[in-house]
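Q: Compute the structure for the input listed below.
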Amino acid sequence: MNPQLGQLWVYLAASPLLGLTVTLLAYQGAFWLYRRSGMNPLANPVLIAVAVLVLLLTATGTAYESYFAGAQFVHFLLGPATVALAVPLYTQFRRVRAMLLPVLAGLVSGCITAALSAVLVARLFGASLPTQLSLAPKSVTTPIAMGIAERIGGIPSLTAVLVIVTGILGAVGARWLFDALRLRDPAIRGFAIGIASHGIGTARAFQVSEEAGAFAALAMGLNGVLTALLVPAFAGWLG
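A: Numbers count the residues shown, from 1 in each chain. From the prediction side, this is the model:
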């Protein structure tokens, strides 16, 4: 890096607003690319924005803690944004009630499959026990997943990375998988991606339709609760 540019970056990095600014600019640019691509899942704005931020922090030698000092405001907004998901869910309440039994069956099977399949694949490839435990809650939203991982002896920081990767993979590949399986109902598609890919998948579902987003939000919330109950109960069996 040019010495003058390096000095300028050091000066700017001292401001807590830098992390917030670069985060918003990175996502705005990524979303512009996403729209220009015709909303192609491969141009997922979260994936692009994360890649840009990682490259920027690496190139400038900026510590994550320094970046997060400003970006934590975006992190804070995750709470209100999650609560706001109740609004579209309320508009779909009649259909949710009519599909109560399929919803519960899908929730239980999806929760168990998401956790168990990840652990079994990790064990098959010889991963350590802490890594296996870190993988178990990968399909729930980050704060819950990290709390579960810490409680059962996993590595919370590793879990956070795995959660993000899972969400991005779901948002990118879910449409083709649903089309291959000939799943057309937006409620079913939304609920499936909400269980498997938590918040990032839910955001993608809302871009498709409000109904898909509402069912994805329902699945994300219920799966978080059920995973928090089941995974610690069964974690002792992994030893």
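Q: what's the domain layout of this structure?
A: 3-76, 83-238 (automatic domain parsing).
Q: need the least confident one among the ones you listed, by mean pLDDT.
A: Mean pLDDT across those is lowest at domain 3-76; the value there is a mean of 76.
Q: all helices of this structure, in order?
A: For the chain, helices defined by DSSP state H occupy the ranges 3-13, 17-36, 45-60, 64-76, 78-84, 86-91, 93-98, 100-124, 129-135, 142-152, 156-180, 186-208, 210-235.
Q: what's the angle between the longest one and helix 142-152?
A: Per axes from the mean of the first three to the mean of the last three C-alpha atoms, to 10 degrees, the angle that helix 210-235 makes with helix 142-152 is 10 degrees.
Q: and helix 210-235, which residues are buried?
A: Of all the residues in helix 210-235, those buried under the rule 16 or more other C-beta atoms under 10 Å are 210-224, 226-228, 230-232, 235. To be clear about C-beta, it is placed using only N, CA and C from the backbone, and glycine gets the same treatment.
Q: thinking again about what came up before, ranking the helices of the chain by burial, who's on top?
A: Neighbour counts (mean count of other C-beta atoms under 10 Å) averaged over each of the helices of the chain peak at helix 186-208, with a mean of 25.
Q: Skipping its backbone neighbours, what lies nearest residue 153 in space?
A: Once flanking residues are discounted, residue 153 sits nearest to residue 133: 5.3 Å by C-beta to C-beta, 6 or more residues apart in numbering.
Q: next one: residue 199
A: Nearest to residue 199 is residue 141, by C-beta to C-beta, 6+ apart, at 5.2 Å.
Q: go on, residue 85?
A: residue 217 (3.7 Å).
Q: For residue 198, see how far away that neighbour is.
A: With distances taken as C-beta to C-beta, to the nearest Å, residue 217 is found 10 Å from residue 198.
Q: roughly how far apart are residue 223 and residue 103?
A: Using C-beta to C-beta, which is the criterion applied here, residue 223 is 11 Å from residue 103.
Q: swap in residue 142?
A: For residue 142, the distance to residue 103 equals 24 Å [C-beta to C-beta].
Q: How about residue 120?
A: From residue 120 to residue 103 the distance is 26 Å (C-beta to C-beta).
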